[in-house]
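next input, structure requested:
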Amino acid sequence: MDVLEEKKGEQILLLDIHEIATFTDYFVFCNGTSDRMLNSLAEAVAENAHKKFQLEVRIEGRAEDGWMLVDLGDVIVHLFSPDQREYYQLETLWHRGKILLRLQ
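Alright, predicted model coming up:
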């Protein structure tokens, strides 16, 4: 979460979904204002996870499409353009999850 804040990610949301999903425990949602910013956020999350936890991280999606996913295993980070986040509304889909943190 800190790395997303440091890189100026917007509308950060941490959602605990461990009671309603079997494939991960947490979702993080974050907006980036440009393709360059989405790439920067994804790379920063991946580098931070590798450095701190020695995790091999997968990045999926393309910034140009407005949605990138960083798979950390127990945590999946969704990086969106504002338009794509509004379009997919994953927070609504996973509304039964518990909001642990919301940063504007």
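
state the distance from the residue positioned nearest the centre of the chain to residue 62.
Taking Cα atoms, centre = their mean, the centroid of the chain lies closest to residue 77, which sits 2.4 Å from it. Separation of residue 77 from residue 62 (Cβ to Cβ, to the nearest Å) stands at 15 Å. The C-beta positions use only the backbone N, C-alpha and C, and glycine is treated the same way.

residue 30 now?
16 Å.

who has more neighbours out of the two?
residue 30 (26 against 13; other Cβ atoms under 10 Å).

that one contacts residue 81, doesn't it?
No. When contacts are counted by Cβ atoms under 8 Å, residue 30 is not listed as touching residue 81 (10.9 Å).

hang on, the earlier thing: for the residue nearest to the centre of the chain, which three-state class applies?
Counting by DSSP: H, G, I helix; E, B strand; the rest coil, the backbone at residue 77 sits in strand.

swap in the one 10 residues further on?
Classification of residue 87 by three-state DSSP places it in helix.

per-residue confidence for it?
We have a pLDDT of 98 for residue 87.

for this protein, which helix is longest?
Within the chain, and with DSSP state H defining each element, the longest helix by residue count is helix 35-53.

now for the next helix or strand after that helix, which elements pack on it?
Sequence-wise, the next helix or strand downstream of helix 35-53 (DSSP states H and E) is strand 58-62. Here strand 58-62 is seen to pack against helix 35-53, strand 67-71 when contacts are counted using 3 or more Cβ pairs under 8 Å, 6 or more residues apart in numbering; DSSP states H and E.

show me what contacts residue 7?
Residues near residue 7 by Cβ atoms under 8 Å, 6 or more residues apart in numbering: 37, 40, 41, 44.
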